[in-house]
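S.K.: Structure of the sequence below:
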Amino acid sequence: MSRVTGNNRKQLTLLAALLTVILSISGKADAGVGMLEQGEHLITGNLNFTAADKHWDVSRNTIDSICKARNFGATVGYEYGWSYFHTVYANIGMGYRRCGQRGLPGPGVLVTGNAKGLADIELGVRTRFSGHYLDSAAWEAFLIIPTGYNNGPSALGKGALGAGLGVLFSSDPSHNFPFRTWRVNSRKWGWKAGSKFTYFFSGKGNTLRSYAAIQYAVTETDFVRTGDYFDLRLINSIGFANRGVQNAIFVNQAVGSITSSDQTSIQISYTHSFIGTGWSANILFGKALYGRNAPISWYTGLGASYRWRD
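M.R.: Numbers count the residues shown, from 1 in each chain. You can find the predicted model right below:
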């Protein structure tokens, strides 16, 4: 055990790479702040693949990982417009993680890391802001329910009950933005941003995920239900240490040495809406740019959604 502790930098692993990717691409195949009309239903699905051979250590140095990530994941979600002001939602992640096997130098620990199954379930409600921000701002409250996994290296979820709050903001294509003064057609551009804090019980490290995006319309679009558009965003994820330990669940973590973690990624996606069908689809690619105690990963994914009314 002393040999393992003495090589802590070499043992910092791909901290929740699968969970990071699921969080990064689990957004719906539409834009806006996620508010549905009363009586409207939305089903979403995403498939993803992520890979990483290196990670940033506690000093943000790049080092080889003892586990090469080659992971597949999926997210399925359902939303319902309970009223004009409230949308309720639920989603669950699934994954297959294959890290291969590599032994530590000397009398270390053999890492397998292979796992498959369900991750955590998220249940929440999203509410519109009032006044002039009915269609461009919302807040949400949610509950994270574990699927029964413990803190072992095969756990795909966080393994603890959690709760959190989030805020979302976006442009409104019906408004006149300052872009017009720069001789740019404002109807071609949109933006969105959001932040989400999750508190985990049972001594788990809490998380904060934020993003900011700009969108460009290829065809006439409202950036929600119609048209084609590109989305370019920066995503920042932070894992806060809890009493000096960030309880991220992944392979061969040197728990005593892991403090707070963070990762900043860039992501580009393209969304197409099938006019008159209720269907939308998107494709995306993302790459980690900077971080600490985090994987230097890249990922790609496909998503689809279908909406209908009562």
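S.K.: which stretches of the protein have low pLDDT?
M.R.: Counting by pLDDT under 70, the low-confidence segments of the chain come to 1-31, 67, 98-114, 132-133, 148-156, 173-187, 203-204, 224-225, 242-259.
S.K.: Relative to the longest strand seen in it, what are the paired strands and their orientations?
M.R.: Among the elements of the chain assigned as strand by DSSP state E, the one spanning the most residues is strand 62-81. When pairs are called by DSSP bridges, strand 62-81 turns out to pair with strand 40-56 (antiparallel), strand 86-98 (antiparallel).
S.K.: Please spell out which residues along that strand are buried.
M.R.: Within strand 62-81, the residues that qualify as buried are 65-69, 71-75, 77, 79-81, counting by 16 or more other CB atoms under 10 Å. For glycine as for every other residue, the C-beta is placed from the backbone atoms N, C-alpha and C.
S.K.: do the same with stretch 277-294
M.R.: Neighbour-count burial for stretch 277-294, with 16+ other CB under 10 Å as criterion, is recorded at 278, 280, 282, 284, 286, 288, 291, 292, 293, 294.
S.K.: same thing with stretch 222-234?
M.R.: 222, 223, 224, 225, 226, 227, 228, 229, 231, 233.
S.K.: Can you give me the end-to-end span of that stretch?
M.R.: End-to-end distance of stretch 222-234: 22 Å, with CA to CA, to the nearest Å as the criterion.
S.K.: and for that stretch, what are the contacting residues?
M.R.: By CB atoms under 8 Å, 6 or more residues apart in numbering, the list of residues contacting stretch 222-234 from outside reads 30-32, 170-171, 173, 190, 192, 211-221, 264-273, 275, 280, 307.
S.K.: Out of those residues, name the ones that lie in strands.
M.R.: Secondary structure from DSSP E places 170, 190, 192, 211-217, 264-273, 280, 307 of the contacts of stretch 222-234 in strands.
S.K.: of the residues you listed, buried ones?
M.R.: A residue is treated as buried here by neighbour count (16+ other CB under 10 Å); on that basis the buried members of the ones in strands among the contacts of stretch 222-234 are 170, 190, 192, 211, 213, 215, 217, 265, 267, 269, 271-273, 280, 307.
S.K.: Let me know how buried residue 171 is, in neighbour terms.
M.R.: Here the neighbour count serves as a burial measure; for residue 171 (other CB atoms under 10 Å) it reads 21.
S.K.: That one and residue 136 touch, don't they?
M.R.: Yes: because the distance of 6.6 Å satisfies CB atoms under 8 Å, residue 171 is recorded as touching residue 136.
S.K.: now what about stretch 119-129, what contacts it?
M.R.: Contacting residues not belonging to stretch 119-129 are listed as 18-19, 22, 33-35, 73, 82, 84-95, 134-135, 137-147, 156-158, 162, 168 [CB under 8 Å, 6+ apart].
S.K.: quick revisit: show me which pair in the buried residues of strand 62-81 is furthest apart.
M.R.: Using CB to CB, these span at most 46.8 Å, a distance reached by 66 and 81.
S.K.: where exactly do the strands run in the stretch 151-300 of the chain?
M.R.: In the stretch 151-300 of the chain, the strands defined using DSSP state E, counting those that start in this stretch lie at 162-170, 189-200, 207-217, 228-239, 261-274, 279-292, 294-295, 298-309.
S.K.: Next, format these as JSON lines and append distance to residue 53.
M.R.: Formatted as JSON lines, the strands of the stretch 151-300 of the chain follow (distance: least, CB to CB, whole Å):
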{"stretch": "strand 162-170", "distance to residue 53": "30"}
{"stretch": "strand 189-200", "distance to residue 53": "28"}
{"stretch": "strand 207-217", "distance to residue 53": "24"}
{"stretch": "strand 228-239", "distance to residue 53": "20"}
{"stretch": "strand 261-274", "distance to residue 53": "16"}
{"stretch": "strand 279-292", "distance to residue 53": "12"}
{"stretch": "strand 294-295", "distance to residue 53": "9"}
{"stretch": "strand 298-309", "distance to residue 53": "10"}
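S.K.: mind checking which of those strands is nearest residue 48?
M.R.: strand 298-309 (3.7 Å).
S.K.: Who does the closest one pair with, and is each partner parallel or antiparallel?
M.R.: In the sheet containing strand 298-309, the strands it pairs with under DSSP bridges are strand 40-56 (antiparallel), strand 279-292 (antiparallel).
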